[in-house]
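Chemist: Structure, please.
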Amino acid sequence: MAIHFTEEEKERLKSDPSEIYQKRTEETKKKDIENLSQKGKWQYFKDYYMKIAVIGLIAIVFLAVFAVQAATRKPTNALYIVIQKDALDENRVEAFKAALEKHMGLDTDVEVVTIDVGCSDHQLQAYLYAGTADVVITSEEHFKKWGRSGYFFDAETDKEVSFYGEYDEKNRYRTKYVTSQDVLNNKKTAKTEKGSDQTDYNCGLYLTESEKYGQMETFLEKPVVGISIATKRLTEAREFVRYMMDNSQEMELDMEAVGGQK
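Modeler: Purely as a prediction, here's the structure:
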């Protein structure tokens, strides 16, 4: 039930000195808080400001972590190329890397091309298992070691590299597969290492006529390129191989930009 005051009663209440009838102001609120005990002040803080303080602290921590990560974040690999058994000039490799990044339109603060020229066989095997290496370039003889073990896509069974068939047969590297069971059987029968499957699989392409790889001043007589079956960047790997095989697209190595000589 609502209480109604007469005008006379309202005026009387306004002039009443009792605290209950006094209008609350910011000044009176401050005085009330100042008069609280330490326990009371802590309770007041928890009731009115604790949630805001916690949210603010979380926001500050999040922004700080984000800022640190942004400052220390390393670019990811857009393509990982392993080159083995070749003797290449360091500056020429850097220029090749830069030319590929330019061709791919990469923001190198975010993504880069990695060219690994110091990868051992043990490391390469691990990279091929893990999908770290996307593309391998090496000598014809050395490529055989990886090719016959089934580390690369082949045009006979994998549609991913069916484009290998677009090139002349002389540009298509072929090998027979030798499985672990074949090796075991050969040891038992004292035969030379030979696979039960005698099909020649096209698992790579010769870069012998590639003008782009020729700019690397390679020491390999018959360099071969293959795409790892474990690659996580198949589109980029395919584009790289096509690019290297296409002599109609020129690639200029800017040696001056990397401190080398033309």
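Chemist: tell me which residues in stretch 133-141 are buried?
Modeler: Ala133, Asp134, Val135, Val136, Ile137, Thr138, Ser139, Glu140 (16 or more other C-beta atoms under 10 Å). C-beta coordinates here come from the backbone N, C-alpha and C atoms, glycine included.
Chemist: any idea of the mean pLDDT in that stretch?
Modeler: On average, the pLDDT along stretch 133-141 is 97.
Chemist: just the strands in this protein please.
Modeler: Ranges of strands within the chain are 76-83, 111-116, 135-139, 172-175, 201-206, 223-227, based on DSSP state E.
Chemist: Which elements pack onto the longest one?
Modeler: The criterion is 3 or more C-beta pairs under 8 Å, 6 or more residues apart in numbering; DSSP states H and E, and the helices and strands that strand 76-83 contacts are helix 90-104, strand 111-116, helix 121-130, strand 135-139, helix 234-245.
Chemist: show me the contacts for Ala95.
Modeler: Leu253, Asp254, Met255, Ala257, Val258, Gly260 (C-beta atoms under 8 Å, 6 or more residues apart in numbering).
Chemist: wait, the fourth one sits on Lys97?
Modeler: This means Ala257. No. Using C-beta atoms under 8 Å, Ala257 is not in contact with Lys97, being 11.2 Å away.
Chemist: If we go by neighbour counts, what in stretch 87-97 is buried?
Modeler: Leu88, Asn91, Arg92, Val93, Glu94, Ala95, Phe96, Lys97.
Chemist: what pLDDT, on average, does it get?
Modeler: 95.
Chemist: Just put the buried residues of stretch 133-141 in JSON lines and tack on distance to Ile81.
Modeler: Shown next, in JSON lines, are those (distance: C-beta to C-beta, whole Å):
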{"residue": "Ala133", "distance to Ile81": "8"}
{"residue": "Asp134", "distance to Ile81": "7"}
{"residue": "Val135", "distance to Ile81": "5"}
{"residue": "Val136", "distance to Ile81": "8"}
{"residue": "Ile137", "distance to Ile81": "7"}
{"residue": "Thr138", "distance to Ile81": "11"}
{"residue": "Ser139", "distance to Ile81": "15"}
{"residue": "Glu140", "distance to Ile81": "18"}
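Chemist: Among those residues, which pair sits farthest apart?
Modeler: Spatial extent of the buried residues of stretch 133-141 (C-beta to C-beta) is set by the pair Asp134 and Glu140 at 20.4 Å.
Chemist: For Lys145, which non-adjacent residue is spatially closest?
Modeler: Asp121 (7.8 Å; C-beta to C-beta, 6 or more residues apart in numbering).
Chemist: Likewise for Ala87?
Modeler: Using C-beta to C-beta, 6+ apart, the nearest residue to Ala87 is Phe219, at 4.8 Å.
Chemist: Tell me how many other residues crowd the one you found.
Modeler: Residues contacting Phe219 under the criterion other C-beta atoms under 10 Å number 11.
Chemist: Just give me the neighbour total for the residue nearest to Lys145.
Modeler: Residues near Asp121, counting by other C-beta under 10 Å: 11.
Chemist: again, but for Val82
Modeler: Neighbour tally, Val82, other C-beta under 10 Å: 22.
Chemist: mind checking pLDDT for it?
Modeler: 98.
Chemist: Can you list the buried residues in stretch 104-116?
Modeler: Buried-residue list, stretch 104-116, by 16+ other C-beta under 10 Å: Met104, Leu106, Glu111, Val112, Val113, Thr114, Ile115, Asp116.
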